[in-house]
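Undergrad: sharing a model prediction with you, sequence too.
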Amino acid sequence: MLRIETPLSLEKIAKLRKGELVYLSGIVYTARDQAHKKLVELIKKRKALPFSLKDSIIYYCGPTPPPKGEVSGSCGPTTSLRMDGFVEPLLREGLKGMIGKGERTFKVRELIKKYKAVYFLAPSGCGALLAQKVLSKKLIAFKELGAEA
(Lines give C-alpha, C1' and ligand atoms only; values in the text may rest on other atoms or scores of the structure.)
Protein backbone atom coordinates (compact mmCIF):
# COMPACT_ATOMS: atom_id res chain seq x y z
CA MET A 1 0.00 0.00 0.00
CA LEU A 2 1.29 3.41 -0.96
CA ARG A 3 0.97 6.27 1.52
CA ILE A 4 0.28 9.68 -0.01
CA GLU A 5 -0.20 12.99 1.78
CA THR A 6 -1.84 16.03 0.26
CA PRO A 7 -1.14 18.31 -1.48
CA LEU A 8 -0.57 16.15 -4.54
CA SER A 9 2.48 16.80 -6.66
CA LEU A 10 3.45 15.40 -10.04
CA GLU A 11 6.16 13.42 -8.23
CA LYS A 12 3.58 11.78 -5.94
CA ILE A 13 1.21 11.08 -8.84
CA ALA A 14 4.04 9.45 -10.80
CA LYS A 15 4.45 6.88 -8.00
CA LEU A 16 0.85 5.67 -8.33
CA ARG A 17 -0.05 2.50 -10.22
CA LYS A 18 -3.48 1.59 -11.54
CA GLY A 19 -5.34 -0.63 -9.09
CA GLU A 20 -2.93 0.06 -6.22
CA LEU A 21 -4.31 0.56 -2.72
CA VAL A 22 -3.54 4.03 -1.41
CA TYR A 23 -3.62 5.39 2.13
CA LEU A 24 -4.40 9.07 1.63
CA SER A 25 -3.99 11.67 4.36
CA GLY A 26 -4.11 15.43 4.54
CA ILE A 27 -6.65 17.98 3.38
CA VAL A 28 -9.32 16.63 1.04
CA TYR A 29 -12.22 18.82 -0.07
CA THR A 30 -15.70 17.34 -0.45
CA ALA A 31 -18.10 18.58 -3.09
CA ARG A 32 -21.01 17.26 -5.09
CA ASP A 33 -22.91 18.38 -8.19
CA GLN A 34 -24.17 21.78 -7.11
CA ALA A 35 -20.87 22.80 -5.52
CA HIS A 36 -19.07 21.82 -8.73
CA LYS A 37 -21.51 23.92 -10.72
CA LYS A 38 -20.83 26.94 -8.49
CA LEU A 39 -17.05 26.47 -8.70
CA VAL A 40 -17.19 26.34 -12.50
CA GLU A 41 -19.43 29.44 -12.60
CA LEU A 42 -16.86 31.32 -10.49
CA ILE A 43 -14.05 30.18 -12.80
CA LYS A 44 -15.98 31.28 -15.91
CA LYS A 45 -16.62 34.70 -14.33
CA ARG A 46 -12.94 34.91 -13.32
CA LYS A 47 -13.90 35.36 -9.69
CA ALA A 48 -11.89 34.14 -6.70
CA LEU A 49 -12.56 30.59 -5.59
CA PRO A 50 -13.33 29.93 -1.91
CA PHE A 51 -10.27 27.65 -1.73
CA SER A 52 -7.27 26.93 -3.92
CA LEU A 53 -7.58 24.00 -6.29
CA LYS A 54 -3.82 23.89 -6.88
CA ASP A 55 -2.56 20.36 -6.20
CA SER A 56 -5.76 19.58 -4.30
CA ILE A 57 -8.16 16.63 -4.17
CA ILE A 58 -11.95 16.73 -4.28
CA TYR A 59 -13.91 13.80 -2.85
CA TYR A 60 -17.33 13.39 -4.44
CA CYS A 61 -19.22 13.00 -1.21
CA GLY A 62 -22.09 14.44 0.77
CA PRO A 63 -21.42 13.50 4.39
CA THR A 64 -24.33 12.93 6.72
CA PRO A 65 -24.59 14.77 10.04
CA PRO A 66 -22.26 13.29 12.66
CA PRO A 67 -23.54 11.23 15.57
CA LYS A 68 -23.08 12.91 18.95
CA GLY A 69 -19.40 13.06 19.84
CA GLU A 70 -18.18 12.15 16.34
CA VAL A 71 -16.44 14.38 13.78
CA SER A 72 -18.31 13.08 10.74
CA GLY A 73 -21.31 11.05 9.82
CA SER A 74 -21.20 8.51 7.03
CA CYS A 75 -19.21 9.85 4.09
CA GLY A 76 -19.39 7.35 1.28
CA PRO A 77 -18.58 8.20 -2.33
CA THR A 78 -21.01 9.68 -4.84
CA THR A 79 -21.20 8.48 -8.45
CA SER A 80 -18.45 10.31 -10.31
CA LEU A 81 -20.15 10.46 -13.72
CA ARG A 82 -22.39 13.22 -12.39
CA MET A 83 -19.34 15.49 -12.03
CA ASP A 84 -17.82 14.74 -15.44
CA GLY A 85 -19.22 17.88 -17.09
CA PHE A 86 -17.39 20.06 -14.56
CA VAL A 87 -13.96 18.41 -14.57
CA GLU A 88 -11.96 20.34 -17.17
CA PRO A 89 -12.25 23.85 -15.67
CA LEU A 90 -11.27 22.45 -12.27
CA LEU A 91 -8.25 20.64 -13.72
CA ARG A 92 -7.20 23.84 -15.50
CA GLU A 93 -7.26 25.57 -12.10
CA GLY A 94 -4.86 22.99 -10.69
CA LEU A 95 -7.04 20.19 -9.28
CA LYS A 96 -4.86 17.06 -9.19
CA GLY A 97 -7.10 14.40 -7.68
CA MET A 98 -10.69 13.25 -7.57
CA ILE A 99 -12.20 10.52 -5.40
CA GLY A 100 -15.52 8.89 -6.18
CA LYS A 101 -17.19 5.71 -7.28
CA GLY A 102 -17.76 4.29 -10.71
CA GLU A 103 -16.29 4.80 -14.12
CA ARG A 104 -15.43 8.07 -15.84
CA THR A 105 -16.23 9.00 -19.42
CA PHE A 106 -13.57 8.58 -22.09
CA LYS A 107 -13.29 12.38 -22.28
CA VAL A 108 -12.59 12.69 -18.55
CA ARG A 109 -10.04 9.88 -18.65
CA GLU A 110 -8.24 11.77 -21.42
CA LEU A 111 -8.43 15.03 -19.44
CA ILE A 112 -6.91 13.29 -16.41
CA LYS A 113 -3.97 12.23 -18.59
CA LYS A 114 -3.65 15.67 -20.20
CA TYR A 115 -3.54 17.50 -16.87
CA LYS A 116 -1.49 14.78 -15.14
CA ALA A 117 -4.12 14.23 -12.48
CA VAL A 118 -5.49 11.09 -10.83
CA TYR A 119 -8.86 9.50 -10.10
CA PHE A 120 -9.09 7.43 -6.92
CA LEU A 121 -11.90 4.89 -6.54
CA ALA A 122 -13.59 4.65 -3.15
CA PRO A 123 -15.58 1.44 -2.73
CA SER A 124 -19.33 1.71 -2.29
CA GLY A 125 -20.64 0.86 1.15
CA CYS A 126 -17.62 2.17 3.04
CA GLY A 127 -19.14 5.44 4.28
CA ALA A 128 -19.25 4.47 7.96
CA LEU A 129 -15.67 3.18 7.86
CA LEU A 130 -14.40 6.31 6.11
CA ALA A 131 -16.20 8.50 8.66
CA GLN A 132 -13.98 6.98 11.36
CA LYS A 133 -10.91 8.26 9.49
CA VAL A 134 -12.04 11.91 9.33
CA LEU A 135 -10.04 13.82 11.93
CA SER A 136 -11.62 17.23 11.38
CA LYS A 137 -13.95 19.02 9.02
CA LYS A 138 -14.98 22.58 8.33
CA LEU A 139 -17.54 24.09 5.95
CA ILE A 140 -15.60 26.60 3.86
CA ALA A 141 -17.92 27.38 0.96
CA PHE A 142 -21.51 27.32 -0.28
CA LYS A 143 -23.18 26.92 3.11
CA GLU A 144 -26.57 27.25 1.40
CA LEU A 145 -26.01 23.89 -0.32
CA GLY A 146 -25.89 21.90 2.92
CA ALA A 147 -24.52 18.38 2.32
CA GLU A 148 -24.06 19.25 -1.38
CA ALA A 149 -21.35 21.78 -0.44
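TA: Great, that's in hand.
Undergrad: just to check, residue 103 is in contact with residue 81?
TA: Yes: counting by Cβ atoms under 8 Å, residue 81 is a contact partner of residue 103 at 7.1 Å. Yep, even glycine has a C-beta here, placed from its N, CA and C like the rest.
Undergrad: buried residues in the longest helix along the chain, which are they?
TA: Across the chain, the longest stretch assigned as helix under DSSP state H is helix 33-44. Of the residues in helix 33-44, those buried by neighbour count under the rule 16 or more other Cβ atoms under 10 Å are 33-40, 42-43.
Undergrad: list the contacts for residue 39?
TA: Counting by Cβ atoms under 8 Å, 6 or more residues apart in numbering, residue 39 touches 31, 49, 53, 86, 89-90.
Undergrad: inside helices: which ones of these?
TA: Members of the contacts of residue 39 lying in helices (criterion: DSSP H): 89-90.
Undergrad: looking at the contacts of residue 39, which is nearest residue 133?
TA: Set against residue 133, the nearest of the contacts of residue 39 by Cβ to Cβ is residue 31 (18.4 Å).
Undergrad: nearest residue to the middle of this protein?
TA: residue 58 (1.7 Å; Cα atoms, centre = their mean).
Undergrad: quick check, it in a strand?
TA: Yes: under DSSP: H, G, I helix; E, B strand; the rest coil, residue 58 sits within a strand.
Undergrad: and it, bridged to which residues?
TA: Counting by DSSP bridges, residue 58 forms beta bridges with residue 29, residue 98.
Undergrad: about what we covered before: I'd like the contacts of residue 39 as JSON lines, with distance to residue 146, neighbour count and pLDDT appended.
TA: Shown next, in JSON lines, are those (distance: Cβ to Cβ, whole Å; neighbours: other Cβ atoms under 10 Å; pLDDT from 0 to 100):
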{"residue": "31", "distance to residue 146": "12", "neighbour count": "26", "pLDDT": "92"}
{"residue": "49", "distance to residue 146": "20", "neighbour count": "15", "pLDDT": "96"}
{"residue": "53", "distance to residue 146": "22", "neighbour count": "19", "pLDDT": "97"}
{"residue": "86", "distance to residue 146": "19", "neighbour count": "21", "pLDDT": "97"}
{"residue": "89", "distance to residue 146": "23", "neighbour count": "17", "pLDDT": "98"}
{"residue": "90", "distance to residue 146": "21", "neighbour count": "24", "pLDDT": "98"}
